[in-house]
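In: Just the structure for this:
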Amino acid sequence: MTQPRQLVIEADGGSRGNPGPAGYGAVVIDPVTGETLAEAAEYIGVATNNVAEYKGLIAGLKAAKALLPDASADGALRVRVRMDSKLVVEQMSGRWKIKHPDMKPLAAEAARILPASAVTYEWIPREQNKHADRLANEAMDAGKRGRQWEPSSSTAALDTPRPSTTAVLPPVSGPPGDAAAGAAKARAAMSARPEAATGAAPAAGAAAPQVGWAAAPDLGAPATFVLLRHGETALTPEKRFSGSGGSDPELSATGRDQAERIARSLAARGTIEEIVSSPLRRCRETAAAVAARLGLEVRIEDGLRETDFGAWEGLTFAEVRERYGPDLDAWLASAKAAPTGGGESFAEVARRVAATRDRLTARYAGRTVLLVTHVTPIKTLVRLALGAPPEAMFRMELSAASVSAVAYYSDGNVSLRLLNDTSHLR
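Out: Numbering: from 1, shown residues only. This is a model prediction of the structure:
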């Protein structure tokens with residue numbers, strides 16, 4: 001019996017603004033030789049990261065089908081899709097529901113290109129998806145110039161050389177879309193590590209498994225969020241409500257010192273790869289101190305801002321009790337109750353933070369990211385990770401400039417790694 005022809009697709013998409021100018025890239029690879037068989041890229045105008053990623057997947061599947069139309073028609077084609085988008089991989093594998101209306105037609109289009117039994121999906125770290133990432137960026141660069149991407153001008157394959165290997169991908173097994181069977185061997189084959197594919201022991205001097213914030217190797221590296229509460233402001237020691245609807249205070253002298261201390265601590269760890277910050281000044285100043293030490297840029301994410309506390313901004317708890325007692329009681333009793341004067345309820349904040357979490361875990365799959373934010377977003381991320389009820393928000397202590405950490409794995413599991421660590425301030 002003739003063995004099915006096997007191909008590998010690597011795809012990616014990006015958006016400079018999310019939504020913003022967007023493009024995708026896809027490459028079809030021979031898993032035996034490592035040869036690039038086809039490339040596709042396109043500037044798609046203003047779109048989100050997820051839309052661009054799905055467009056890249058669709059382009060890759062179409063390119064694979066076009067290479068072997070007869071094999072795809074008679075079931076003699078097997079395709080393994082490798083992407084660093086956890087959202088696309090999990091949704092197309094059938095493990096995550098597709099809720100967003102923009103994603104549903106794209107997922108349906110991708111599913112129609114090849115039979116479900118012919119395609120499996122595998123998440124890979126971003127650094128293993130450089131070819132497709134480079135194509136997506138070339139497409140966005142072309143769009144910026146008012147042009148479309150042209151294969152003749154691409155240097156993506158030259159900039160991301162791929163080692164040849166005689167290892168082959170394992171045969172597809174398990175239900176359609178199940179990437180678990182043989183995934184470790186597939187990763188080994190594609191990274192030219194025959195010792196991993198055969199099960200042989202690693203050579204002497206090989207790197208030891210990571211500990212601490214690192215991942216279990218069989219799950220791949222998680223998206224790890226190191227959650228840093230900003231340093232003190234003048235309002236912090238007085239325990240005044242300080243949200244996104246108030247005066248947007250700067251760091252105090254104590255807060256600036258705290259920021260420098262955490263910057264030194266994180267530099268010593270050497271694990272932070274990206275920095276994302278709330279737009280509020282106290283977070284931006286804290287993030288800037290860390291970024292200067294680590295040599296990284298800071299990306300602003302509006303979804304990480306603090307709760308809008310409405311009329312309570314700048315007041316102490318006792319002052320709110322005195323002026324707005326019934327409203328405070330309602331707020332303490334229900335996550336759906338908002339502060340006086342049009343502030344945000346904890347339920348509203350939870351929806352905002354959860355949406356932000358989903359965007360960031362998809363964007364930074366396999367990476368360790370510092371999120372510089374506030375008490376409520378951090379407590380919300382911790383609560384959601386633990387599956388705890390809303391009232392748990394009032395049972396956590398988060399000090400200024402404290403560090404917590406949550407890891408999000410490719411199989412959907414979540415692990416709280418650290419909570420309210422202030423050892424770097426001592």
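In: which residues of the stretch 301-426 of the chain fall in strands?
Out: Under the criterion DSSP state E, counting those that start in this stretch, strands of the stretch 301-426 of the chain are mapped to 368-373, 403-408, 414-421.
In: okay if I get those as TSV plus mean neighbour count, distance to residue 104 and mean pLDDT?
Out: C-betas here are computed from N, CA, C, even on glycine. Output for the strands of the stretch 301-426 of the chain, formatted as TSV (neighbours: other Cβ atoms under 10 Å; distance: least, Cβ to Cβ, whole Å; pLDDT from 0 to 100):
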stretch	mean neighbour count	distance to residue 104	mean pLDDT
strand 368-373	26	28	96
strand 403-408	24	23	94
strand 414-421	16	25	93
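In: Dump those to CSV, plus distance to residue 45.
Out: Conversion of those to CSV gives the following (distance: least, Cβ to Cβ, whole Å):
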stretch, distance to residue 45
strand 368-373, 28
strand 403-408, 30
strand 414-421, 34
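In: Which residue is the nearest non-sequential neighbour of residue 403?
Out: residue 421 (4.6 Å; Cβ to Cβ, 6 or more residues apart in numbering).
In: you'd agree that neighbour is up against residue 404?
Out: Yes. Under the criterion of Cβ atoms under 8 Å, residue 421 makes contact with residue 404 at 7.1 Å.
In: Can you tell me how far the residue nearest to residue 403 is from residue 372?
Out: Distance check for residue 421 against residue 372: by Cβ to Cβ, to the nearest Å, it reads 15 Å.
In: What ranges in the protein fall below the confidence cut-off?
Out: Flagging of the chain using pLDDT under 70 yields the residue ranges 1-3, 72-74, 157-220.
In: Let me know the outermost residue of it.
Out: Outermost residue of the chain with respect to the C-alpha centroid, by Cα atoms, centre = their mean, is residue 322; its distance is 43.1 Å.
In: which residues does it contact?
Out: Neighbouring residues of residue 322 by Cβ atoms under 8 Å, 6 or more residues apart in numbering: there are none.
In: Dump stretch 129-146 to CSV, keeping only the CA atoms.
Out: Below are the C-alpha coordinates for stretch 129-146, written out as CSV (Å, rounded to 0.1, in the frame of the first residue of the first chain):
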residue,chain,number,x,y,z
ASN,A,129,8.0,29.8,13.3
LYS,A,130,10.4,32.5,12.0
HIS,A,131,9.9,31.7,8.3
ALA,A,132,6.2,32.3,8.3
ASP,A,133,6.6,35.3,10.7
ARG,A,134,9.1,36.9,8.3
LEU,A,135,6.7,36.4,5.4
ALA,A,136,3.9,38.1,7.3
ASN,A,137,6.2,41.0,8.1
GLU,A,138,7.3,41.3,4.5
ALA,A,139,3.6,41.5,3.5
MET,A,140,2.9,44.2,6.1
ASP,A,141,6.0,46.1,5.0
ALA,A,142,4.8,45.9,1.4
GLY,A,143,1.4,47.2,2.4
LYS,A,144,3.0,50.1,4.1
ARG,A,145,4.5,51.1,0.8
GLY,A,146,1.1,50.7,-1.0
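In: Name the nearest residue to residue 404, ignoring sequence neighbours.
Out: Closest residue in space to residue 404, ignoring its immediate chain neighbours: residue 227 at 4.3 Å, by Cβ to Cβ, 6+ apart.
In: Double-check that that neighbour belongs to a strand.
Out: Yes. Secondary structure assignment places residue 227 in a strand (DSSP: H, G, I helix; E, B strand; the rest coil).
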